[in-house]
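Student: Sequence plus predicted model, see below.
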Amino acid sequence: MTQQLDTFLRESPSQTAGPYVHIGCTPNFAGIDIYGGDLGSAMKTGPVQGTEIKIRGAVFDGMGTPLRDAMIEIWQPDAAGLFPSANETRGTADPNFTGWGRSPGNMDTGEFTFETVKPGAVPFPDGRMQAPHITAWVVARGINIGLHTRIYFDDESEANAADPILTRLEHQNRIPTLLAKKQADGTYRFDIHLQGPNETVFFDI
Amino acid sequence: MSAEQAPKQGDYIPRDRAWQPDALTPLYKTSVKRSPQAALLSFPTTLSEETSPVFGHTLLGDLDNDLIHNFATAGESAIGPRIIVHGRVMDENGRGVPSALIEAWQANAGGRYRHKKESYLAALDPNFGGCGRTITGEDGSYEFRTIMPGPYPWPNGMNDWRPAHIHFSLFGHGFAQRLITQMYFQGDPLIPLCPIVGVLKSKEAVDALTAPLDMNRTVPMDSLAYKFDMVLRGRRQTYFENRKDGM
């Protein structure tokens, strides 16, 4: 036996968000008129700095079927690379930008849309710059613990090639699963594949 | 101890994947085609995961944490055994997490959710929406008032039932802490039979999600009470800065 370490609690075990996550997190979308609106439905609260972008996508299961009961959240810095967070110590973020978006996806197609700004670059802990990216988190029925991934941009090839995390990927041929692809209409497309040959890279962070 | 020697907030303590449920849990059938098969890519948290959106107390309406009344017609209330669910949100270091947004959702007393895609034959309660939210106080404490949710059958095996439960979604101070979980009730005989509870890897993990009856917090002639603490990831304390490249 040894001395006891300082108080150390175990993280609460995760459980699936289940089929009715929308009741709790986007109740107005689920048909419950409450709170005066759903949190995370708008990331811009006024005129914002930087380039405004739109990201569309869907979450697919291992059979290629889009999930219609998922919830996707994104979290990102503003165009200058500053987070609208109490923990941001490097400066003050754009006051008209929340940095956080939440989408239940379309009830019939499962497609989600985020209207946001192109994020600025943020440093890695060792000081190197990371490529511009957005953190994404996916929960749904059948997902026992929320899945973290990142949205990088296919029009940032120079920054992507130097990114401390992308360069660490053993299977470099999986990088495209982390890239939002610019479309002819100027929007970005980012599909998430839970499994299969195009399985998205998910992170243990 | 000088300020220079004071410990700094380090990165988040890695998630214990041996304790948390696996992605693929075949007895919970929906997980089979919704579970990633490649290994997760592990790396220490960065600013992207160590920051999180801010939700102020001004966000909240007076009844947001009162599911008995927040969807009810004025003067009426939801049907079912009245309960208080309270506890603290803490981090792995045992500190209370203040200003944490908690969102809750649950079935009504008959086991029926208010949702377009819900087809269980139990009746809807016109005075019950099934959702609530609150933000923790300075010590991480929170409280909801609600009704006891009913158990219900679900399509998985031929005759699977969910024990009574409440879903909780939690935000801490870093996006790395983001968590969704479920609370079960002490003594429910359906707990050991449920394939979703069954994804938990140990009796200790099931116990960690089972709220005891808390007679000290009951309101006589009004409500029973259950106590449910939740734990989010903590940050490492360090006296050393991260080393620069090559050092």
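Tutor: Nice, I can see it.
Student: Next up, the contacts around the closest residue to residue A:61 other than its chain neighbours.
Tutor: Spatially, and ignoring its direct neighbours in sequence, residue A:61 is nearest to residue B:33 (4.5 Å; Cβ to Cβ, 6 or more residues apart in numbering or on different chains). Bear in mind the C-beta positions are built from the backbone N, C-alpha and C, glycine included. By Cβ atoms under 8 Å, 6 or more residues apart in numbering or on different chains, residue B:33 lies in contact with A:61, A:62, A:63, A:142, A:194, A:195.
Student: go again using 10 Å as the cut-off
Tutor: When contacts are counted by Cβ atoms under 10 Å, 6 or more residues apart in numbering or on different chains, residue B:33 touches A:60, A:61, A:62, A:63, A:64, A:65, A:142, A:194, A:195, A:196, B:24.
Student: again, but for residue B:28
Tutor: Residue B:28 is in contact with A:16, A:141-142, A:144, B:21, B:34-35, B:156-157, B:160, B:194-199, counting by Cβ under 10 Å, 6+ apart.
Student: what do you get for residue B:97?
Tutor: B:88-91, B:136, B:139-140, B:142, B:170-173, B:177, B:230-232, B:234.
Student: Among those residues, the buried ones, what's the ChimeraX command?
Tutor: The ChimeraX selection below is limited to those of those classed as buried (16 or more other Cβ atoms under 10 Å in any protein chain shown):
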select /B:88,89,90,91,136,140,142,170,171,172,173,177,230,231,232,234
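Student: Filter the contacts of residue B:97 down to the ones in helices?
Tutor: Counting by DSSP state H, the contacts of residue B:97 place none of their members in helices.
Student: Filter the contacts of residue B:97 down to the ones in strands?
Tutor: Secondary structure defined by DSSP state E assigns B:88, B:89, B:90, B:91, B:142, B:170, B:230, B:231, B:232 of those to strands.
Student: Grab the two from the residues you listed that are most spread out in space.
Tutor: Taking Cβ to Cβ, the two most distant members of the ones in strands among the contacts of residue B:97 are B:91 and B:142; they sit 14.6 Å apart.
Student: what about the residue nearest the centre of chain B, which SS state?
Tutor: For chain B, residue B:168 is the residue whose C-alpha lies nearest the centre (Cα atoms, centre = their mean; 3.0 Å). Secondary structure assignment for residue B:168 (DSSP: H, G, I helix; E, B strand; the rest coil): strand.
Student: how about stretch A:196-205: buried residues?
Tutor: Of all the residues in stretch A:196-205, those buried under the rule 16+ other Cβ under 10 Å are A:199, A:200, A:201, A:202, A:203, A:205.
Student: Likewise for stretch A:34-48?
Tutor: Buried-residue list, stretch A:34-48, by 16+ other Cβ under 10 Å: A:34, A:35, A:38, A:39, A:40, A:43, A:48.
Student: out of these, who's near chain B?
Tutor: Restricting the buried residues of stretch A:34-48 to those near chain B by Cβ under 10 Å from any Cβ of the partner chain leaves A:34, A:35, A:39, A:40, A:43.
Student: Quick check: the third one is in a helix.
Tutor: No - checked against three-state DSSP, residue A:39 lies outside a helix; its state is coil.
Student: pLDDT score assigned to it?
Tutor: At residue A:39, the model reports a pLDDT of 97.
Student: Which of the buried residues of stretch A:196-205 fall within strands?
Tutor: Under the assignment DSSP E, those contribute residue A:203 to strands.
Student: wait, the residue nearest to the centre of chain B sits on residue B:146?
Tutor: No - Residue B:168 is not in contact with residue B:146 according to Cβ atoms under 10 Å; the separation is 11.9 Å.
Student: which residues do these two both contact?
Tutor: B:85, B:104, B:106.
Student: helices and strands around the helix or strand hosting the first one, which ones?
Tutor: What it means is residue B:85. Per DSSP states H and E: residue B:85 is located in strand B:82-91. Contacts defined by 3 or more Cβ pairs under 10 Å, 6 or more residues apart in numbering or on different chains; DSSP states H and E place strand B:82-91 against strand B:101-105, strand B:141-147, strand B:165-170, strand B:179-185, strand B:210-211, strand B:224-227, strand B:230-232.
Student: Kindly export it (C-alpha atoms) in PDB.
Tutor: Output in PDB follows, covering the C-alpha atoms of strand B:82-91 (Å, rounded to 0.1, in the frame of the first residue of the first chain):
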ATOM      1  CA  ARG B  82     -42.800  15.300  -7.500                       C
ATOM      2  CA  ILE B  83     -39.000  15.100  -7.000                       C
ATOM      3  CA  ILE B  84     -36.000  17.400  -6.500                       C
ATOM      4  CA  VAL B  85     -32.800  16.400  -8.300                       C
ATOM      5  CA  HIS B  86     -29.800  18.200  -6.900                       C
ATOM      6  CA  GLY B  87     -26.000  17.800  -6.600                       C
ATOM      7  CA  ARG B  88     -22.700  19.300  -7.600                       C
ATOM      8  CA  VAL B  89     -20.700  19.400 -10.800                       C
ATOM      9  CA  MET B  90     -17.100  18.800  -9.900                       C
ATOM     10  CA  ASP B  91     -13.900  18.300 -11.800                       C
END
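Student: Poorly predicted segments of chain B, please.
Tutor: Scanning chain B for pLDDT under 70 picks out the ranges B:1-8, B:239-247.
Student: how does it look with 80?
Tutor: Within chain B, the set of residues satisfying pLDDT under 80 comprises B:1-9, B:237-247.
Student: Chain A too?
Tutor: For chain A, the stretches flagged by pLDDT under 80 are A:4-7.
Student: Report the central residue of it.
Tutor: residue A:136 (1.5 Å).
Student: Wasn't it part of a strand?
Tutor: Yes - under three-state DSSP, residue A:136 falls within a strand.
Student: so it makes contact with residue A:71?
Tutor: No - between residue A:136 and residue A:71 there is no contact under Cβ under 10 Å: 11.2 Å.
Student: Give the intersection of the neighbour lists for those two.
Tutor: Counting by Cβ under 10 Å, 6+ apart, the residues touching both residue A:136 and residue A:71 are A:59, A:112.
Student: Quick one: the strands in chain A, in order.
Tutor: Going by DSSP E, chain A shows strands at A:52-57, A:59-60, A:70-75, A:100-103, A:112-117, A:134-140, A:147-153, A:179-182, A:188-189, A:192-193, A:203-204.
Student: Show me where chain B has its helices.
Tutor: For chain B, the helices defined by DSSP H cover B:47-50, B:203-208.
Student: Roughly how far does residue A:137 sit from chain B?
Tutor: 6 Å (Cβ to the nearest Cβ, to the nearest Å).
Student: That residue bridge partners, please.
Tutor: Residue A:137 forms beta bridges with residue A:73, residue A:148, as assigned by DSSP bridges.
Student: now the helices for chain A?
Tutor: Ranges of helices in chain A, per DSSP H, are A:21-25, A:157-161.
Student: anything in the first one near chain B?
Tutor: Read it as helix A:21-25. Yes - applying Cβ under 10 Å from any Cβ, one finds helix A:21-25 touching chain B at A:21, A:22, A:23, A:24, A:25.
Student: What's the ChimeraX line that selects buried ones from the contacts of residue B:28?
Tutor: Filtering the contacts of residue B:28 down to the buried ones (16+ other Cβ under 10 Å) takes a single ChimeraX command:
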select /A:16,141,142,144 /B:21,34,35,156,160,194,195,196,197,199
